[in-house]
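Engineer: below: sequence and its predicted model.
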Amino acid sequence: GAVVSQHPSWVICKSGTSVKIECRSLDFQATTMFWYRQFPKQSLMLMATSNEGSKATYEQGVEKDKFLINHASLTLSTLTVTSAHPEDSSFYICSARAGETQYFGPGTRLLVL
Amino acid sequence: DAKTTQPTSMDCAEGRAANLPCNHSTISGNEYVYWYRQIHSQGPQYIIHGLKNNETNEMASLIITEDRKSSTLILPHATLRDTAVYYCIVRLNSGNTPLVFGKGTRLSVIA
């Protein structure tokens, strides 16, 4: 199947700093990518839909000014967690659609101290 | 909101077939059934999907009832590495509709 990569795989940062997570589709182009987050022992929650060359669409309750999404090319989308706080600590997972199937990255574990 | 219902957990003996059920009684005519699994601390892995016909690939088989209100994912010979949370999801295949995850079934394969 298609491959989606994420970088970094894990990050620890101080409260108040910003963290950028990259998501790449390695062997296909993706006009649309999706960002999810997952808290311990919970399921994946969709945060936003990222569209190449246009603004992202955020799910209800997700702050667009806090979670900045940029989808500048057909193979790269970035999620920036601005002014991170301990409650933003989570597992962030991106996804991209190739044909009928949505493929997922390996995830980025964020710990905010 | 997830449109599927799955048992919270299941056990399966290693080497035996694992049969994971899913109810999707409100599925519409043009929605597909997708199965993914998530091994601890990894991103979800695509397994299989189908519309109304049974499907089989190298990982699993998908059996969809004639009325499409339920389906079963079959792992023919479960191994310890199949221990994971399995998600059954229904979704339209048009546009940019994302996958919406429910709580899934935690499958434990036991030696």
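Structural biologist: Yep, that arrived.
Engineer: do you know how far the residue in chain A that chain B sits nearest to is from residue B:64?
Structural biologist: For chain A and chain B, the shortest gap (Cβ to the nearest Cβ) falls at residue A:104, measuring 3.8 Å. (Each C-beta comes from the backbone N, C-alpha and C, glycine too.) As judged by Cβ to Cβ, to the nearest Å, residue A:104 and residue B:64 stand 23 Å apart.
Engineer: and residue A:26, what does it touch?
Structural biologist: Shown in contact with residue A:26 (Cβ atoms under 8 Å, 6 or more residues apart in numbering or on different chains): A:2, A:3, A:4, A:5, A:75.
Engineer: need the contact list for the residue nearest to residue B:61 when sequence neighbours are not counted.
Structural biologist: Nearest non-adjacent residue to residue B:61, counting by Cβ to Cβ, 6 or more residues apart in numbering or on different chains: residue B:74, 4.4 Å away. By Cβ under 8 Å, 6+ apart, the contact set of residue B:74 is B:17, B:18, B:19, B:20, B:60, B:61, B:62, B:63.
Engineer: the third one: neighbour count?
Structural biologist: Same thing as residue B:19. Neighbourhood size, residue B:19 [other Cβ atoms under 10 Å in any protein chain shown]: 15.
Engineer: average pLDDT across the helix or strand it falls within?
Structural biologist: Element membership of residue B:19, judged by DSSP states H and E, is strand B:18-23. In this model, strand B:18-23 has an average pLDDT of 98.
Engineer: ok, stretch B:95-111 next?
Structural biologist: Rounded mean pLDDT across stretch B:95-111 is 93.
Engineer: quick one: is it near chain A?
Structural biologist: Yes: Stretch B:95-111 lies within reach of chain A by Cβ under 8 Å from any Cβ of the partner chain, at B:96, B:98, B:99, B:100, B:101, B:102, B:103, B:104.
Engineer: tell me who's in contact with the last one.
Structural biologist: By Cβ under 8 Å, 6+ apart, the residues touching residue B:104 are A:43, B:6, B:38, B:85, B:86, B:87, B:88.
Engineer: if any of those are buried, put those into a PyMOL selection.
Structural biologist: A single PyMOL command selects the buried members of these (16 or more other Cβ atoms under 10 Å in any protein chain shown):
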select buried, (chain A and resi 43) or (chain B and resi 6+38+85+86+87+88)
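Engineer: turn the contacts of residue B:104 into a markdown table, including pLDDT.
Structural biologist: As requested, the contacts of residue B:104 are exported to a markdown table (pLDDT from 0 to 100):
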| residue | pLDDT |
| --- | --- |
| A:43 | 95 |
| B:6 | 98 |
| B:38 | 98 |
| B:85 | 98 |
| B:86 | 98 |
| B:87 | 98 |
| B:88 | 98 |
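Engineer: check residue B:1 and give its pLDDT.
Structural biologist: Residue B:1 is assigned a predicted lDDT (pLDDT) of 56.
Engineer: mind naming the longest strand for chain A?
Structural biologist: strand A:90-98 (DSSP state E).
Engineer: and the residue most central in space within chain A, what element?
Structural biologist: In chain A, the C-alpha nearest the mean C-alpha coordinate belongs to residue A:35, at 3.9 Å (Cα atoms, centre = their mean). Here residue A:35 is covered by strand A:32-38, with elements defined by DSSP H and E.
Engineer: nice, that's everything, thank you.
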